[in-house]
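Asks: no sequence for this one, just the structure:
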């Protein structure tokens, strides 16, 4: 079960990383910094927050508190990213830290306790916590991307009005086991 869980977790994280990247590809450089109002976050600000959270949570994942003393969470919401290249560098640095940390998790330490802000979590709970947190923010990135791309937006899921055809195609195939992220990651240009 542990191996299946860890494989599934990695696929879920890969899927949400890919959704963010497909959104970045559809928006202009300027749109990465667009804010609906002064209280809302831009795509760049959300990326900076994810980056800060990922580095804090996943650095020395099994051995130190997930809220590092060097993290400045409030500064994550003061965007100072100045280019697409810098945004992508932070995005990739955060995800690399996460995936490297997941490689240290195994059946022997999956139920061990780690700490986030001095509160104990099993390794499984800590992973699940981030697996809920990151898709929340990736969803915000996608939503902003859809707003700024407007009619140029290419759906990252089943486009409006295509559910019937999509389902017909799927139900015409024999039953099989394939994680939805597997399918999407193998065929990233097809809609789910």
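Replies: Structure received. For clarity, every value in this text was computed on a predicted model and none was experimentally measured. Numbering: from 1, shown residues only.

Asks: how far does the longest helix anywhere in the chain sit from the chain's center?
Replies: Secondary structure of the chain per DSSP state H: the longest helix is helix 123-149. Taking CA atoms, centre = their mean, to the nearest Å, the mean C-alpha location of helix 123-149 is offset from the chain mean by 5 Å.

Asks: and what of stretch 105-117?
Replies: A distance of 21 Å separates the centroid of the chain from that of stretch 105-117, by CA atoms, centre = their mean.

Asks: most distant residue from the middle of this structure?
Replies: Distance from the centre of the chain peaks at residue 172, with 31.6 Å (CA atoms, centre = their mean).

Asks: let me know the pLDDT of that residue.
Replies: Looking at residue 172, its pLDDT reads 91.

Asks: and the end-to-end length of stretch 141-156?
Replies: 12 Å (CA to CA, to the nearest Å).

Asks: buried set for that stretch?
Replies: Neighbour-count burial for stretch 141-156, counted by 16 or more other CB atoms under 10 Å, picks out 141-142, 144-146, 148, 153, 156. (Glycine included, C-beta is placed from N, CA and C.)

Asks: tabulate the residues you listed (JSON lines), appending distance to residue 28.
Replies: Formatted as JSON lines, the buried residues of stretch 141-156 follow (distance: CB to CB, whole Å):
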{"residue": "141", "distance to residue 28": "15"}
{"residue": "142", "distance to residue 28": "16"}
{"residue": "144", "distance to residue 28": "12"}
{"residue": "145", "distance to residue 28": "11"}
{"residue": "146", "distance to residue 28": "14"}
{"residue": "148", "distance to residue 28": "8"}
{"residue": "153", "distance to residue 28": "12"}
{"residue": "156", "distance to residue 28": "18"}
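
Asks: tell me the domain ranges of the chain?
Replies: Domain assignment for the chain, taken from automatic domain parsing, gives 2-152, 157-192.
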